[in-house]
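Engineer: predicted model follows, preceded by the sequence.
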Amino acid sequence: PLILVGLMRGCYHILSDLSRHLSIPHEIDVIGVTTYEGQRSTHTINLYHELNLDVADKHVLVVDDLVDTAFTLNWLVSDYFVNSATGHKSLRICCLLDKKDALKVDGYDSNVKPLLKYVAFPIPNVFVVGYGMDYEQHYRSLPFVGVLKKSAYAKNVEQNNICKET
């Protein structure tokens, strides 16, 4: 049995699309973790929703929108799936985007990289929004992935014309 584990909130588009295209039986669950404030990682884990499904004796595919610093993924594979959600048959990671040139956390090469088996698109180290990804909870519903203009980082910027489609 396969469980798709989405990393909320940004995963919902890729998780839904992936699930619709899988031809094998699978279950879906989500884990809610926040580490970002605005455009920067806080390097603090805030676990606000744990898995509901038991992963014991199942294959787990973590579905994420974006690998940036890999801080959250490193915590997930080296802490959560070791201490809380244990007994899985296998653990792999799938992501829509991977910022290959972004500075990764200590432990990335040993903990995350070996499990990162499916990457749709490598991207440069830019701030992206749309297709589930956000800036301060805005722009998730854009039907494309766009690079957020730096002028949008200022407070009270109108949503119109602040990103360009990539």
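Structural biologist: In hand now; what should we look at? Quick caveat: nothing in here was measured; it's all calculated off a predicted structure.

Engineer: which parts of the protein are helices?
Structural biologist: Using DSSP state H, the helices of the chain run over 12-21, 71-75.

Engineer: now stretch 11-28: buried residues?
Structural biologist: 11-15, 18 (16 or more other Cβ atoms under 10 Å). Glycine gets a C-beta too; all of them are placed from N, C-alpha and C.

Engineer: which one among those gets closest to residue 105?
Structural biologist: Closest approach between the buried residues of stretch 11-28 and residue 105, by Cβ to Cβ: residue 11, at 19.4 Å.

Engineer: where in the chain is pLDDT low?
Structural biologist: Judged against pLDDT under 70, the low-scoring parts of the chain cover residues 36-41, 153-166.

Engineer: okay, and the beta partners of residue 28?
Structural biologist: When bridges are called by DSSP bridges, residue 28 pairs up with residue 4.

Engineer: residues touching residue 67, list them.
Structural biologist: Applying Cβ atoms under 8 Å, 6 or more residues apart in numbering, we find residue 67 in contact with 73, 95, 97-99, 102, 112, 116, 119.

Engineer: now the residues you listed as CSV including neighbour count?
Structural biologist: Below are the contacts of residue 67 laid out as CSV (neighbours: other Cβ atoms under 10 Å):
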residue, neighbour count
73, 26
95, 24
97, 22
98, 19
99, 20
102, 16
112, 23
116, 19
119, 15
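
Engineer: on that earlier part again, which of the helices of the chain sits closest to residue 133?
Structural biologist: Nearest of the helices of the chain to residue 133, taken as Cβ to Cβ: helix 12-21 at 8.9 Å.

Engineer: what packs against that closest one?
Structural biologist: Contacts defined by 3 or more Cβ pairs under 8 Å, 6 or more residues apart in numbering; DSSP states H and E place helix 12-21 against strand 2-8, strand 26-37, strand 59-67, strand 90-99.

Engineer: how about CSV for these, with distance to residue 129 added?
Structural biologist: As requested, the helices and strands packed on helix 12-21 are exported to CSV (distance: least, Cβ to Cβ, whole Å):
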stretch, distance to residue 129
strand 2-8, 16
strand 26-37, 12
strand 59-67, 10
strand 90-99, 11
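
Engineer: please name the bridge partners of residue 138.
Structural biologist: residue 135.

Engineer: and residue 146, by the same measure?
Structural biologist: Bridge pairing for residue 146 (DSSP bridges) gives the partners residue 129, residue 165.

Engineer: I'd say it and residue 128 touch.
Structural biologist: Yes - between residue 146 and residue 128 there is a contact under Cβ atoms under 8 Å: 6.6 Å.

Engineer: which one of the two has more residues nearby?
Structural biologist: The neighbour count for residue 146 versus residue 128, taken as other Cβ atoms under 10 Å, is higher for residue 128 (23 against 19).
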